[in-house]
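Asker: Give me a 3D structure for the following:
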Amino acid sequence: MPSVSSYFIKKGIKVGAKKLNLKEKDIGESRYVIDSFARKFSKLPKNCKVEQIQIEGIYAEWISNNQSEAGKVILYLHGGGYGYCSADTHRSLAARIMIESGVKVLLPEYRLAPEHPYPAAIEDTLTIHRWLLKQGYESSNIIFAGDSAGGGLSVAAALALRDQSETLPSAVICLSPWVDLTSSGESYIENKEKDPYLVKELVRKTAQAYAAEESLDNRLISPVFADLSGFPPLFIQVGSIEILLSDAKLLADKARKAGVEVHLKVWEGMWHVWQISNKLPEAKKAVKEIGDFVRLFSH
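Answerer: As a prediction, the model looks like this:
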């Protein structure tokens, strides 16, 4: 049963989403507002170290502390519909995952649409993964992770590596993954009134901005249409009231049918990427479960 605090946080999200009204705003304008809000209100946990770096022209941040294991890394890809968000919006979540897992996090700012549509985000992710290998990290010590579009990007990047016969990460972690940009799942209708801030119109708008001239059912844009054979273990968390619930379930089902090890948990009463709220009991529990999974695949 959802916590009492989740009720009030959800109500606050509804009010904020209505005021922001992203579906009516230009993506660039909304991006500025979201990042400004994050810089003002997002706080890092204590004793976290953030190191800014450039990886072949891509800005990224190493997030670690004194307990982080050397030689292991989570490559975390932020969400935001491929058009919004940055290290500013996701630094706190990445840091909490780092603390719970004991593994340092690399948080890059891949190129965003509409200025840089598909396949720019995938290309940047592959560039960073190859850079990690050049730095001496073993693929068995690299985990891909991401939320929303970042979850979809994690899956798509791993598929691209597999198709090019390159080494794969040891596991992929998806938080409320956006993996069906055609919006074909039943939850887009069933959860329309329950989801506190995601609406199909905004999802379709950002999907088209990212896909540009490509078809939305391209398997590297919507990985639910891909053959997932040979994919690494997959860990998925999703909320029961979000419109992207179907995306997660379809991905898990497709992966299982391909013989992939899948860990799927649907969190009752939770919304899209609730893990980002550090004041929510369910967020703390979810991040702890992520940390437990990472420890399983990094030891």
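Asker: where exactly do the helices run in the protein?
Answerer: In the chain, the helices defined using DSSP state H lie at 4-20, 27-41, 87-101, 120-134, 149-163, 187-190, 200-211, 245-257, 281-297.
Asker: nearest to Ile63, of these?
Answerer: In terms of C-beta to C-beta, the element of the helices of the chain nearest to Ile63 is helix 87-101, at 5.2 Å. C-beta here means a position set from N, CA and C on the backbone, and glycine is covered the same way.
Asker: Just give me the neighbour total for the closest residue to Arg219 other than its chain neighbours.
Answerer: Closest residue to Arg219 apart from its sequence neighbours, by C-beta to C-beta, 6 or more residues apart in numbering: Ala226 at 3.7 Å. Neighbourhood size, Ala226 [other C-beta atoms under 10 Å]: 22.
Asker: Equivalent analysis for the one 4 residues further on, please.
Answerer: Summarising burial for Gly230: neighbours were counted as other C-beta under 10 Å, giving 13.
Asker: unless I'm mixing things up, it is touching Ser165, no?
Answerer: No - assessed by C-beta atoms under 8 Å, Gly230 is found out of contact with Ser165, at 10.3 Å.
Asker: For the residue lying closest to Gly146 once chain neighbours are set aside, give its distance to Gly57.
Answerer: Spatially, and ignoring its direct neighbours in sequence, Gly146 is nearest to Leu77 (3.6 Å; C-beta to C-beta, 6+ apart). According to C-beta to C-beta, to the nearest Å, Leu77 and Gly57 sit 17 Å apart.
Asker: Equivalent analysis for Val73, please.
Answerer: 20 Å.
Asker: Neighbour count for these two, which is higher?
Answerer: Neighbours were counted for Val73 and for Gly57 using other C-beta under 10 Å; Val73 has more, 23 against 8.
Asker: Is the more buried one in contact with Gly136, as I believe?
Answerer: No - the criterion here is C-beta under 8 Å, and Val73 misses it with Gly136 at 10.8 Å.
Asker: so who does Ala38 touch?
Answerer: 85-86, 88-89 (C-beta atoms under 8 Å, 6 or more residues apart in numbering).
Asker: Now a ChimeraX select for only the buried ones of these.
Answerer: Typed into ChimeraX, the line below selects the buried ones among these, using 16 or more other C-beta atoms under 10 Å:
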select :85,86,88,89
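Asker: Kindly present the contacts of Ala38 as TSV, with separate columns for distance to Lys200 and pLDDT.
Answerer: Putting the contacts of Ala38 into TSV (distance: C-beta to C-beta, whole Å; pLDDT from 0 to 100) gives the following:
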residue	distance to Lys200	pLDDT
Cys85	20	96
Ser86	25	97
Asp88	27	96
Thr89	22	97
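Asker: Farthest-apart pair in the contacts of Ala38, please.
Answerer: The farthest-apart pair in the contacts of Ala38, when distances are taken by C-beta to C-beta, is Cys85 and Asp88, at 8.1 Å.
Asker: Are there residues contacting both of those two? Which ones?
Answerer: Shared contacts of Cys85 and Asp88 (C-beta under 8 Å, 6+ apart): 35, 38.
Asker: hang on, isn't the residue nearest to Arg219 packed against Asn218?
Answerer: No - assessed by C-beta under 8 Å, Ala226 is found out of contact with Asn218, at 9.4 Å.
Asker: Quick check: chain neighbours aside, which residue is closest to Leu228?
Answerer: Closest residue to Leu228 apart from its sequence neighbours, by C-beta to C-beta, 6+ apart: Ala258 at 4.1 Å.
Asker: what about that neighbour, how many neighbours?
Answerer: Neighbours of Ala258 using other C-beta under 10 Å come to 14.
Asker: Tell me if I'm right that it and Leu234 touch.
Answerer: No - taking C-beta under 8 Å as the definition, Ala258 is not a contact partner of Leu234, at 10.1 Å.
Asker: To Lys49, which of the helices of the chain lies closest?
Answerer: helix 87-101 (9.4 Å).
Asker: mind listing what Ile55 touches?
Answerer: Taking C-beta under 8 Å, 6+ apart, we find Ile55 in contact with 108, 127-128, 131.
Asker: And Ala171, by the same measure?
Answerer: With C-beta under 8 Å, 6+ apart, Ala171 has these contacts: 143-144, 232-235, 293-294, 297.
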